[in-house]
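Chemist: Below are the sequence and a predicted model for it; my questions follow.
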Amino acid sequence: MRFLSTIFSVLVMQSLSAQTIQSVKIIPVDTGWAGNAVNTVIFRKNAICTYHQTQFVAYYNSKGNVVLAKRKLSSTHWSITETPYTGNIKDAHRSISIIADGKGYLHVSWNHHGNILHYAKSIAPESLVLTKELPMTGSAETNVTYPEFYTLPNGGLLFLYRDGQSGKGNLVINRYNINIQQWTQLHQNLIDGEGKRNAYWQAFVDVKGTIHISWVWRESPDVASNHDLCYARSTDGGITWTNSKNEVYQLPINATTAEYVCRIPQHSELMNQTSMCADDAGHPFIATYWKEQGDSIPQYHIVYKTGGSWQVLNTAFRKTPFTLSGMGTRRIPISRPQLVSYAVKGQTAVILLFRDEERGSKVSAAVCDNIKTNHWEIKDLSPNKAGSWEPMYDTELWKQKKQLHLLVQYTEQGDAETTTSTAPQPVQVMECTLRPQRGNRQK
């Protein structure tokens, strides 16, 4: 097996930003398909999630079946179920998304790239047995891509997806009521490409229930046509939307009415569908990468607002240029990043999770104890290569307990949507233990 050991192991980190990450444990699950990145693309919302003390993961096996697994957080033993549902594993867009609602029912969506909705949920709380395929609302469910689940504080869910295709698509938002176990469609077109472009978004629901969405515009199927970074939020469960100044949007939002938090021209190697988060006070943080004018090296950037204006932070620790031009899923030397934030002695600290060929394509973390300083300490959390892996973490466990669990698997992505001959690889959970810090929100 090419990634991490399939036996339980502990890796103690010695000096990661005042020992922010104290230790790492590797919890083996199973083996899964690794011939492309469909199991490890960053837009899986979610690949791993927790309900109370039960943690769930999902992945495709080498036959293309959707596999579900669960364990108690205190255990290393997994219960594993191979479902009858399958996906086209040769297409890295067709990832699996899961979430548990407030009553413990697992919701699963899989195998989407411009086709009809595939959706089912568990037959009982915390069960791995799924219902037959179900519709949600019956509206705008024939051209689905990028399904993403998010939890709301009342136990309900959001489901976001693109209706349409690259360069010409709309953002659909459905909401699930756990009391009546029914989906309703809030918006069939929250962000309107006007038939000329589409929004590639990332979203986050904070501990107060505010829904944050940021996006780049893409003018064509070529990823090089990504440009600019925009923002919207909702404090009423996704019904009405404002910009960061609380000015109400007339819906749908379009390229003229959107709030532009950072202007980035086309051909800047700006990546789409990266990540965002919010601190416990509701301040938004967006992580992505692009190259600045006059520079050839794409750098990870954090765009955030904790006061009256948006700030743009260039981490500037990368040294290698590359280009994103082209269509389809690409083999790229760095991953899209994930970002989490927390408080340390009254300051905002962040952990940027990533993978970079400069560092041997390992699971890596860049930690900044005070975002105002832009001082980063970087450590590798894994000793071996992770291939084309992109970071995916348990968002619910982080929000509830500030516990950082990642789903990791060595995968290899071929360029322009091709697959590789990589054999099935271990699917594992990486438990990162953070040293308690004053000001951390612990439960």
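Modeler: Alright, I've got the coordinates.

Chemist: Please report the number of neighbouring residues for the nearest residue to Val223 once chain neighbours are set aside.
Modeler: If the residues on either side of it in the chain are set aside, Val223 comes closest to Leu324, at 4.7 Å by CB to CB, 6 or more residues apart in numbering. No exception for glycine: its C-beta is placed from N, CA and C like everyone else's. By other CB atoms under 10 Å, the residues close to Leu324 number 20.

Chemist: what sits against Leu324?
Modeler: Contacts here follow CB atoms under 8 Å, 6 or more residues apart in numbering; on that basis Leu324 touches Val223, Ala224, Asn226, Glu269, Leu270, Met271, Pro298, Arg330, Ile332.

Chemist: Lowest pLDDT pick from these?
Modeler: Going through these one by one, the lowest pLDDT turns up at Arg330, 61.

Chemist: Name the residues that touch whichever strand or helix holds Tyr289?
Modeler: In this assignment (DSSP states H and E), Tyr289 forms part of strand 284-290. Contacting residues not belonging to strand 284-290 are listed as 202, 204, 212, 214, 216, 229, 231, 233, 244, 261, 264, 268-271, 274-279, 298-305, 334, 336-339, 341, 350, 352 [CB under 8 Å, 6+ apart].

Chemist: Equivalent analysis for stretch 226-234, please.
Modeler: Under the contact criterion CB under 8 Å, 6+ apart, stretch 226-234 has outside partners 191, 199-200, 210-219, 240-244, 249, 253, 258-266, 268, 270-272, 284, 286, 288, 303, 324.

Chemist: which other helices and strands contact the host helix or strand of Val57?
Modeler: Here Val57 sits within strand 54-60, counting by DSSP H and E. Counting by 3 or more CB pairs under 8 Å, 6 or more residues apart in numbering; DSSP states H and E, the packing neighbours recorded for strand 54-60 are strand 21-32, strand 48-51, strand 65-72, strand 97-100, strand 404-408, strand 425-434.

Chemist: Generate CSV for the ones you listed, with mean pLDDT as supplementary columns.
Modeler: CSV is the format used below for these (pLDDT from 0 to 100):
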stretch, mean pLDDT
strand 21-32, 94
strand 48-51, 98
strand 65-72, 98
strand 97-100, 98
strand 404-408, 98
strand 425-434, 95
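
Chemist: Output those strands in JSON lines, with distance to Leu134 appended to each entry.
Modeler: As requested, the helices and strands packed on strand 54-60 are exported to JSON lines (distance: least, CB to CB, whole Å):
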{"stretch": "strand 21-32", "distance to Leu134": "25"}
{"stretch": "strand 48-51", "distance to Leu134": "19"}
{"stretch": "strand 65-72", "distance to Leu134": "15"}
{"stretch": "strand 97-100", "distance to Leu134": "15"}
{"stretch": "strand 404-408", "distance to Leu134": "25"}
{"stretch": "strand 425-434", "distance to Leu134": "26"}
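
Chemist: Is it possible to get a markdown table of those that adds distance to Gly169 and mean neighbour count?
Modeler: Converted to a markdown table, the helices and strands packed on strand 54-60 look like this (distance: least, CB to CB, whole Å; neighbours: other CB atoms under 10 Å):
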| stretch | distance to Gly169 | mean neighbour count |
| --- | --- | --- |
| strand 21-32 | 29 | 19 |
| strand 48-51 | 26 | 23 |
| strand 65-72 | 25 | 20 |
| strand 97-100 | 17 | 25 |
| strand 404-408 | 27 | 24 |
| strand 425-434 | 31 | 22 |
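
Chemist: Cool, thanks, signing off.
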